[in-house]
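# Predicted model and sequence follow; I will ask about them next.
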Amino acid sequence: MEGTGSYGYRLARLLAGRGVQVWEINCPGRSRRRRKGKSDPVDAGNAARAVLAGEATAVPEDRRGFAGELRLLVLTRRSAVRARTQAASQIKAVLPGAGDELRARLHGLRKARFGRACAALEPAGGLRRALAALGRRWLTLDAGAASWKRRSPR
């Protein structure tokens, strides 16, 4: 079976639960697919040949239990860190349009202080309103990333 790490996972689990031996087949490399094109019948034939030749020996991983929960924790934390980074990038993209006084006030502040200073801005205009919203978003995402860091090993 190809794709047990995504959509095929539940089918692989169902089949294994009913006593059917399931092997995981790696999909062909992207360069090979570009040359030959995507063809389900050809992919199925290649998968069958790999099983018969003994090349397909990987058993689909079980997402239940400790390993599955750990995988989800790491995935959730990684997502929070990426979103926090994106919010910081958005703040830095908006900041050059701010006045000299505001830029000077925010200049040199690092991470949480910078986020708090942006979040505390009075929404006098569109730019300050955007910076305040992005600062609040960054602070929320930072707290979320920190909380997931305490729960996951990475």
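Yes, it's here.
# Please name the spatially closest residue to residue 116 (chain neighbours excluded).
residue 139 (6.6 Å; CB to CB, 6 or more residues apart in numbering). Using the backbone N, CA and C atoms, a C-beta is placed for each residue, glycine as well.
# Report all helices and strands that whichever helix or strand that neighbour is part of contacts.
Following DSSP states H and E, one finds residue 139 within helix 126-151. Helices and strands touching helix 126-151, by 3 or more CB pairs under 8 Å, 6 or more residues apart in numbering; DSSP states H and E, are helix 65-94, helix 111-119.
# angle of it against helix 65-94?
Relative orientation of helix 126-151 and helix 65-94, computed by axes from the mean of the first three to the mean of the last three CA atoms, to 10 degrees: 160 degrees.
# what angle sits between helix 126-151 and helix 111-119?
Between helix 126-151 and helix 111-119, the angle comes out at 150 degrees (the same axes, to 10 degrees).
# List the buried residues for helix 126-151?
Under the neighbour-count criterion of 16 or more other CB atoms under 10 Å, helix 126-151 has 127-128, 130-142, 144-145, 148 buried.
# which stretches of the protein have low pLDDT?
Where the chain drops to pLDDT under 70, the residues are 1-6, 27-38, 59-63, 148-154.
# Please repeat the previous calculation with a cut-off of 90.
Applying pLDDT under 90 to the chain flags residues 1-17, 20-81, 84, 87-135, 140-154.
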